[in-house]
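[1] Got a sequence here, can you build the structure:
(one chain, ligands or ions: 1)
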Amino acid sequence: MESQTGLFSGIWVPLVTPFAADGAVDHDALRRLAQHLAPHVAGLVVCGSTGEAHALDDGEQLAVLDSVRAAAPDTRLMFGLGGPHLGHLHDTIAALRTRRLDALLVTPPYYVRPSQAALIDYYLALADASPWPIVVYNIPYRTGVALSFEAFAAIARHPNIRAVKDCGGDPTLTLELITHTPLAVLAGEDGHLLATLALGGSGAIAASAHLHPQRFAAVHAAMQDGRLADAQRHFHALWPLIRTLFDEPNPAGIKAALAAQGWIDARCRAPMHAATDGLRQRLATMLADPPLAA
Ligand SMILES: O=C(O)C1=N[C@H](C(=O)O)C[C@H](O)C1
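    Numbering: from 1, shown residues only. This next block holds a predicted model:
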């Protein structure tokens, strides 16, 4: 069996969900984008935050997964799962059982602010139910609850809990997870990619890697080979674009950039707004920058 760092390593792209002018999911654009990215990434995430999963109903989420699987038959896929209704999550796992998947990306229950003991129970219940390994999505600024190191250490004993998408914004916790748990640690904030790899993390789930995915992969490869100066050069070249993509709430920026390149329409589904004209212009200028593509 592949080691967990091997499976959860490298650059994963959390796919946007493109929408057509009538508001429906644009499956043609989604398939084209997945097919384009697949050869350059370690894996694709479907129905993550960037995929606006909150705005898709259950049927749409499964249809999005099916389109991506059809477009990228040999690519590793992770499916985003989350919400405060545990019964609904069990139903979703049951509906996913007929699909070919590699992992679930599971957020803590948002809004209800459970205790650490309740979070441990939540993850262990889902780990028992899931036929796929689980990546814990620690993103306190979205969910309203942060997993403690002790909670991570407890759930990491479950053989199905294998990695963390680390958006905690706490380098001490990142280092503790890397050095004192068996979990593979993936940077969940695009700007933390290089720092997380330097600490010993295994990769990233990064929305901005929709653009220049080879350059993101080059950061990872350089760090794997111990070529720090090369990793810095690639990452520093990417940094202005990464920063600008998050000037407005994700995924507005990345959708605008992909629209500028003709992959998708920039629209987001309510309650999210598409990028403003100002951000679209700044991104279009940056994407025309030849050194970035180098
Ligand atoms: O969808 C994701 O996964 C990501 N979401 C982050 C966010 O919360 O906006 C950003 C990151 O690039 C990946």
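[2] can we go C-alpha only for contacts and neighbour counts from here?
    Fine.
[3] list the buried ones in the helix or strand harbouring Asp28?
    Element membership for Asp28 (DSSP states H and E) is helix 27-37. Applying a neighbour-count criterion of 16 or more other C-alpha atoms under 10 Å, one finds His27, Ala29, Leu30, Arg31, Arg32, Leu33, Ala34, Gln35, Leu37 buried in helix 27-37.
[4] Which ones among those also lie next to the ligand?
    Checked against the ligand using C-alpha under 6 Å from any ligand atom, the buried residues of helix 27-37 yield no neighbours at all.
[5] Columns pLDDT and distance to Gln214 on top of those, output as CSV?
    Formatted as CSV, the buried residues of helix 27-37 follow (pLDDT from 0 to 100; distance: C-alpha to C-alpha, whole Å):
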residue, pLDDT, distance to Gln214
His27, 98, 24
Ala29, 98, 21
Leu30, 98, 20
Arg31, 98, 19
Arg32, 98, 18
Leu33, 98, 15
Ala34, 98, 15
Gln35, 98, 15
Leu37, 98, 10
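[6] out of these, what pair is the most spread apart?
    His27 and Leu37 (15.3 Å; C-alpha to C-alpha).
[7] now stretch 224-232: mean pLDDT?
    The pLDDT scores in stretch 224-232 average 98.
[8] I would like the residues contacting it, please.
    Leu194, Ala218, Val219, His220, Ala221, Ala222, Met223 (C-alpha atoms under 8 Å, 6 or more residues apart in numbering).
[9] Just name the closest of the residues you listed to the ligand, please.
    Closest approach between the contacts of stretch 224-232 and the ligand, by C-alpha to the nearest ligand atom: Leu194, at 13.8 Å.
[10] So is whichever helix or strand Ala259 is part of next to the ligand?
    Using DSSP H and E, Ala259 falls within helix 252-260. No - with C-alpha under 6 Å from any ligand atom as the criterion, the ligand is not reached by helix 252-260; the gap is at least 9.4 Å.
[11] how about the contacts of stretch 224-232 in CSV, adding neighbour count and distance to the ligand?
    Shown next, in CSV, are these (neighbours: other C-alpha atoms under 10 Å; distance: C-alpha to the nearest ligand atom, whole Å):
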residue, neighbour count, distance to the ligand
Leu194, 24, 14
Ala218, 19, 17
Val219, 27, 16
His220, 26, 16
Ala221, 17, 19
Ala222, 17, 21
Met223, 21, 20
